[in-house]
Every structure is written in structure tokens, then in C-alpha cells.
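**Q** only the shape, not the letters, is given here:
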């Protein structure tokens with residue numbers, strides 16, 4: 001099997017096959033190879049060396065998280081907002097002519113129910129260079145099935161209230177769990193807890209390198225035990241089973257040096273865009289074109 005690498009600033013791709021969307025359950029997928037080149041700015045996933053990371057995880061604890069695949073390879077995470085809508089980072093689905101699909105209802109990075117993507121709507125103020133307003137809503141098919149004992153459940157947006165810095169929030173996904181000596185990806189979903197940070201302190205960390213606006217929220221483990229890693233973008237930041245933020249990026253490689261940056265869904269403007277777009281996107285139906293009369 002041939003392997004093709006595409007590397008550019010801020011991105012890491014590997015193409016090892018394509019998912020067959022004709023089957024209802026995905027039993028096996030190719031994974032990214034363990035080795036990778038070094039980058040100054042990389043996609044991330046939580047690396048957690050605390051005891052919390054060793055606890056067994058049930059799918060019912062993370063039934064709102066889905067796996068976004070790019071050309072058959074686990075690439076980002078997303079969050080279920082309704083029976084047909086997933087929210088993720090816009091730069092996770094920003095490429096044209098690329099085959100994106102979604103896997104749901106499984107802890108495994110290689111298994112799950114397949115959902116095809118019918119429509120993608122990125123935030124109108126999304127900037128792919130600065131990654132501000134890094135949000136996208138995705139309409140999927142078939143729809144998610146909710147109810148008692150179902151493997152998928154939606155999660156509500158967090159109320160627009162103040163959260164004290166230092167509050168531990170949950171963050172999960174399928175990104176790498178180790179980068180040295182080689183990159184290692186988990187077979188199953190991992191979840192960790194990371195303390196919230198004030199925007200003012202976050203800006204002091206990044207100085208002029210990144211502008212921390214009202215649309216962002218930051219988190220940082222100063223003990224360097226929890227941090228993001230390759231493949232983390234789009235993952236949910238959660239408090240009390242409510243969505244607080246969507247992971248956008250972090251500059252630097254070492255944990256504890258720079259904060260993780262999320263798009264804050266409590267922001268009034270962002271919250272309004274999400275709710276209004278969800279109403280509009282679910283009303284759009286594709287009808288067959290009428291035959292022209294000769």
C-alpha cells in the first residue's frame with residue numbers, strides 16, 4: 001500500500017486508504033504512521049499523565065463526541081448538537097474536494113456508524129490564517145438516534161455565565177497520547193481534565209504572537225501533565241455536560257508552555273450564530289430538479 005504525506009504549516013496529513021461509505025458500520029480503518037516530522041505549529045490531542053487518564057471510559061460518558069475522518073484517517077473531533085448537526089473547528093473541514101465522513105457511537109478510532117456530510121457552514125468571520133472564529137456546523141445523514149440506551153446523545157450549549165479561572169473542564173478525542181520517541185495514537189477515545197485560564201493571563205503567555213479576543217477561551221495545565229497533541233482540533237471543552245468551547249489550536253509543542261485555545265460558544269454573538277444557523281440548516285431540503293419539456 002502506498003503512503004503519501006502532505007505537510008504544510010499548521011497541518012499534518014497522511015493518506016492510507018479511503019473509507020467505503022456503502023457499509024453501515026466501519027470495522028477497520030488505517031491509522032496514521034507512528035513517525036512524523038517536527039513542526040512548530042501542530043494539530044493537537046490531549047497527552048495526560050495524571051491518574052484521571054487511566055480511568056476506564058464508557059461510551060455513555062462521551063456519547064456526544066464524534067470522530068471526523070479525512071480521506072479515511074481520523075483527523076478531528078466534533079460534538080453532537082442535534083439529531084442532524086455536529087459542531088467542530090472550521091479548519092477541520094476547510095479543504096475542497098476532500099472526502100470527510102463522521103463516525104459515531106464508538107470509543108474506537110477505527111469503528112462506528114458512518115454518517116456522510118450533507119452540508120458544511122463555517123462561521124462567516126472565520127479566518128484560516130489567524131484561526132479566529134474557528135467554528136463550523138455540519139449537517140449529517142443518516143441522523144443520530146437519541147433515547148435511553150442509545151450510543152449518541154446531544155449536548156447543550158453552556159449558559160452564558162462566568163466560569164472562574166482554575167475550574168477543571170473535560171476535554172476528549174482520539175489524538176496522539178505520546179510524541180517521544182515516536183508519535184503514538186490511542187485505539188480508543190481518551191478524556192482528560194484541564195483548568196480554565198483567564199483571557200488576560202492567556203494573552204500574557206502569547207504576547208503579540210496570538211490575539212486573544214472575546215470569542216476565545218483558554219485552558220492550561222501549568223504542571224505540564226495535560227496538553228493537546230496531533231489530531232485534537234474540533235474537540236469539545238465541557239463543564240457539567242454543557243459545551244463551553246471547541247478546540248482551535250495551541251502554538252508550541254511542550255505541555256505547560258502555552259495555553260490551549262478554544263472558540264467560546266458562550267460568546268453572545270457566536271451563540272446566536274449557532275442557534276440561528278442550526279434552525280436554517282435543518283430547514284434546507286434538496287429537491288429533485290424538474291424535467292424540462294422538449
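**A** Looks like it arrived, so ask away. Given the structure is predicted, the values throughout are model-derived calculations rather than measurements.

**Q** tell me where the stretch 1-150 of the chain has helices.
**A** Counting by DSSP state H, counting those that start in this stretch, the stretch 1-150 of the chain has no helices at all.

**Q** any low-confidence regions in it?
**A** In the predicted model, the stretch 1-150 of the chain carries pLDDT under 70 at residues 1-57.

**Q** how far does stretch 79-99 stretch from start to finish?
**A** End-to-end distance of stretch 79-99 (C-alpha to C-alpha, to the nearest Å): 19 Å.

**Q** would you mark the buried spots in it?
**A** 79-82, 84-93 (16 or more other C-beta atoms under 10 Å). Glycine gets a C-beta too; all of them are placed from N, C-alpha and C.

**Q** redo the residues you listed as CSV? Include distance to residue 187.
**A** Formatted as CSV, these follow (distance: C-beta to C-beta, whole Å):
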residue, distance to residue 187
79, 21
80, 22
81, 27
82, 29
84, 29
85, 28
86, 22
87, 25
88, 22
89, 23
90, 28
91, 26
92, 21
93, 24
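
**Q** packing partners for the lengthiest strand in the chain?
**A** Looking across the chain with DSSP state E, the single longest strand is strand 112-122. Judged by 3 or more C-beta pairs under 8 Å, 6 or more residues apart in numbering; DSSP states H and E, the packing partners of strand 112-122 are strand 25-26, strand 65-70, strand 100-104, strand 136-141, helix 268-281.

**Q** repeat that with 6 Å
**A** Here strand 112-122 touches strand 100-104, strand 136-141, going by 3 or more C-beta pairs under 6 Å, 6 or more residues apart in numbering; DSSP states H and E.

**Q** on contacts alone, who are the packing partners of the first one?
**A** It refers to strand 100-104. For strand 100-104, the packing partners by 3+ C-beta pairs under 6 Å, 6+ apart come out as strand 65-70, strand 112-122.

**Q** quick one, which of the ones you listed is nearest to residue 99?
**A** Smallest distance to residue 99 across those (C-beta to C-beta): 7.4 Å, for strand 65-70.

**Q** ok, residues contacting that closest one?
**A** Outside strand 65-70, the residues that touch it by C-beta atoms under 6 Å, 6 or more residues apart in numbering are 74-78, 86, 92, 100-104, 172, 174.

**Q** please apply the same query to stretch 111-120.
**A** For stretch 111-120, the external contacting residues (C-beta under 6 Å, 6+ apart) are 21, 26, 93, 100-106, 136, 138-141.

**Q** which one, of the helices and strands packed on strand 100-104, ends up nearest to residue 240?
**A** Nearest to residue 240 among those is strand 65-70; the distance by C-beta to C-beta comes to 16.0 Å.

**Q** what pairs with the closest one, parallel or antiparallel?
**A** The pairing partners recorded for strand 65-70 under DSSP bridges are strand 73-80 (antiparallel), strand 100-104 (antiparallel).

**Q** export the helices and strands packed on strand 112-122 to TSV and tack on distance to residue 130?
**A** Formatted as TSV, the helices and strands packed on strand 112-122 follow (distance: least, C-beta to C-beta, whole Å):
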stretch	distance to residue 130
strand 100-104	23
strand 136-141	16
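
**Q** I'd like those as a markdown table, with mean neighbour count appended.
**A** A markdown table is the format used below for the helices and strands packed on strand 112-122 (neighbours: other C-beta atoms under 10 Å):
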| stretch | mean neighbour count |
| --- | --- |
| strand 100-104 | 21 |
| strand 136-141 | 21 |
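
**Q** for residue 125, find the nearest of the ones you listed.
**A** Comparison of the helices and strands packed on strand 112-122 against residue 125 by C-beta to C-beta identifies strand 136-141 as nearest, at 12.2 Å.

**Q** so what touches the closest one?
**A** 84-88, 90, 93, 102, 115-122, 277, 281.

**Q** try 8 Å this time
**A** With C-beta atoms under 8 Å, 6 or more residues apart in numbering as the test, strand 136-141 has contacts from 78, 81, 84-90, 92-94, 102, 115-123, 126, 274, 277-278, 281-282, 284.

**Q** what do you get for stretch 145-165?
**A** Contacting residues not belonging to stretch 145-165 are listed as 59-60, 63-64, 79-83, 104-106, 113, 144, 169, 195-198, 201, 236, 238-239, 241-244, 265-268, 271, 274-275 [C-beta under 8 Å, 6+ apart].
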